[in-house]
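> next input, structure requested:
(4 chains)
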Protein chains: 2
Amino acid sequence: MKTVNRMHRALVVEDQNLMRLALMDQISTAFENTAVLGAQTLEIALYELAKENFDLVIIDPGLPGFDPTSQDDRLSVVHRIIEASPAALHVVITGSDNMTEAEQFRGLGAVAYLGKTGLEPGMLGDVLDDISTSGFSIRLSKVTMTVPDYFHSALTPREQEVITLMARREPGMSRTQIYEQVAGKLGIDRDSAEKYFKKARAKIMKSDHKLPVGI
Amino acid sequence: MKTVNRMHRALVVEDQNLMRLALMDQISTAFENTAVLGAQTLEIALYELAKENFDLVIIDPGLPGFDPTSQDDRLSVVHRIIEASPAALHVVITGSDNMTEAEQFRGLGAVAYLGKTGLEPGMLGDVLDDISTSGFSIRLSKVTMTVPDYFHSALTPREQEVITLMARREPGMSRTQIYEQVAGKLGIDRDSAEKYFKKARAKIMKSDHKLPVGI
DNA sequence: CCAAATAGGGACAGCTCCATCCCTTTTTTT
DNA sequence: AAAAAAAGGGATGGAGCTGTCCCTATTTGG
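Here you go, the predicted structure:
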């Protein structure tokens, strides 16, 4: 909680544009009144770190200009960023994660090591909780999905949320019970949850004539 | 254009959750009335492909359960998905892209091969244009960023857009000219663009006291 | 059979964002 | 000095999303 209140400036160092923007969006959504910068290269990152102070820096060590198979290169990227921003919290995110590397980055001063596979939206709060509790957060990649994701472009955000929650419910409950549960999770009325679900399903049926799994 | 109008059902096969959701969001935003499914594993993907028809399938061949260093494994993933959905357009997206692999996937029937680095939001339209023009679209990874991304959680979407466009303007233009240009790109009035910019800058100054590069 | 659950709607207030038009004051340019 | 640019506002209408409450049929389960 202390950490959360002090999060006023963050930097994401990641070369893949969509991933960088997704991470920036995660931070931007998680904290109010926070500026989030994004750098595609180490040069841009170091330039920004030299100019201003940051509270949080997220690093993917596989950057352009470095050998992705060289462990020295990966360590060097993280080391230089940590040196350039000693006051910040440093979170390493990678697609090819393993325990050995986690320990190496921890040795350099990183406070978290996260595998990209299985990294959920909204994970940032949990990770920061880990950090303030135990000083370090590690989440290695793992496969958890059993049911496909489902988006539909005709749905409003609320409708989309309700559909997603409904699709992931445990089987064997009545609709009424599920509405109650979904309403609880979203902090709205049972009636409203039911309404959003019915509206969403009607839209999907109209355009697609096929409902997603679990609906 | 033909392709675009027929896009009613799409599938994204990608194990990294944030990337999969970002790609799904891209499709969802690009097409109206489109259902977009997401699969983390080949099993889920093949199950969905067996159940229903899809118009577009996006594939990251580096999936859980396969050896990321084995070219045979990567080819096998794409091959099995294409076999399971012969009527769809197949787009391969990968972090470790090269020309040789692009040709291999093209041989299997893929219509596009995209490197994750440098893959911009909004790229989908361009890629589909390439495909309907020349039958194949290839975009290898490249670094293009010179100025960092900048998000601020206090900004509305419109304000954020205007700030992003302002930050990427060519230098040497007067504010008035830039407002005109931004207004053109967003399809709004010069006055409105100016208003959004001033409002955004005021919010940033209030919370941060530091403006992003180029503002 | 009766009660609950389900499908499928309408009406409404509150809110935020979008977009436009308007205003004053200060600074810069010509 | 006059004109243009820039900073910093206010007022307003429209649109879409949110959330609540309400309604009528039809189906299902005990």
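> what does chain A have sitting close to DNA strand D?
Proximity of chain A to DNA strand D (CB under 7 Å from any atom of the strand) is limited to residues A:156-159, A:186-189, A:191-192, A:195. Yep, even glycine has a C-beta here, placed from its N, CA and C like the rest.
> closest one to residue B:19 out of those residues, please.
residue A:157 (20.3 Å; CB to CB).
> list the contacts for the nearest residue to residue A:160 once chain neighbours are set aside?
Of all residues not flanking residue A:160 in the chain, residue A:151 sits nearest, at 6.6 Å (CB to CB, 6 or more residues apart in numbering or on different chains). Residue A:151 makes contact with A:160, B:24-25, B:27-28, B:35-38 under the criterion CB atoms under 8 Å, 6 or more residues apart in numbering or on different chains.
> now do the same for residue A:151: helix, strand or coil?
Of the three states, residue A:151 takes strand according to DSSP: H, G, I helix; E, B strand; the rest coil.
> quick one, helices of chain A?
A:2-5, A:17-30, A:42-51, A:71-84, A:99-108, A:123-134, A:157-167, A:175-186, A:190-208 (DSSP state H).
> dump these to JSON lines, plus mean neighbour count and mean pLDDT.
Output for the helices of chain A, formatted as JSON lines (neighbours: other CB atoms under 10 Å in any protein chain shown; pLDDT from 0 to 100):
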{"stretch": "helix A:2-5", "mean neighbour count": "11", "mean pLDDT": "47"}
{"stretch": "helix A:17-30", "mean neighbour count": "21", "mean pLDDT": "96"}
{"stretch": "helix A:42-51", "mean neighbour count": "18", "mean pLDDT": "96"}
{"stretch": "helix A:71-84", "mean neighbour count": "17", "mean pLDDT": "98"}
{"stretch": "helix A:99-108", "mean neighbour count": "15", "mean pLDDT": "98"}
{"stretch": "helix A:123-134", "mean neighbour count": "16", "mean pLDDT": "94"}
{"stretch": "helix A:157-167", "mean neighbour count": "19", "mean pLDDT": "95"}
{"stretch": "helix A:175-186", "mean neighbour count": "15", "mean pLDDT": "93"}
{"stretch": "helix A:190-208", "mean neighbour count": "17", "mean pLDDT": "93"}
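> nearest to residue B:210, of those helices?
Of all these, helix A:42-51 comes closest under CB to CB, at 8.7 Å.
> about what we covered before: who does the residue nearest to residue A:160 form a beta bridge with?
Here residue A:151 sits in beta bridges with residue B:36, as judged by DSSP bridges.
> mind pulling the model confidence for it?
On pLDDT, residue A:151 comes in at 96.
> for residue A:165, give its distance to residue A:182.
5 Å (CB to CB, to the nearest Å).
> residue A:106 too?
Between residue A:106 and residue A:182 the computed distance is 39 Å (CB to CB).
> return the residues of chain A in contact with DNA strand C.
A:174-176, A:195, A:198, A:201-202.
> ok, residue A:79 touching residue A:108?
Yes: look at residue A:79 against residue A:108 with CB atoms under 8 Å: they come within range, at 5.3 Å.
> circling back to that earlier point, turn the contacts of residue A:151 into CSV, columns for distance to residue B:98.
Output for the contacts of residue A:151, formatted as CSV (distance: CB to CB, whole Å):
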residue, distance to residue B:98
A:160, 37
B:24, 26
B:25, 27
B:27, 25
B:28, 30
B:35, 33
B:36, 28
B:37, 29
B:38, 26
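> residue A:65: neighbour count?
As a burial measure, residue A:65 scores 11 neighbours (other CB atoms under 10 Å in any protein chain shown).
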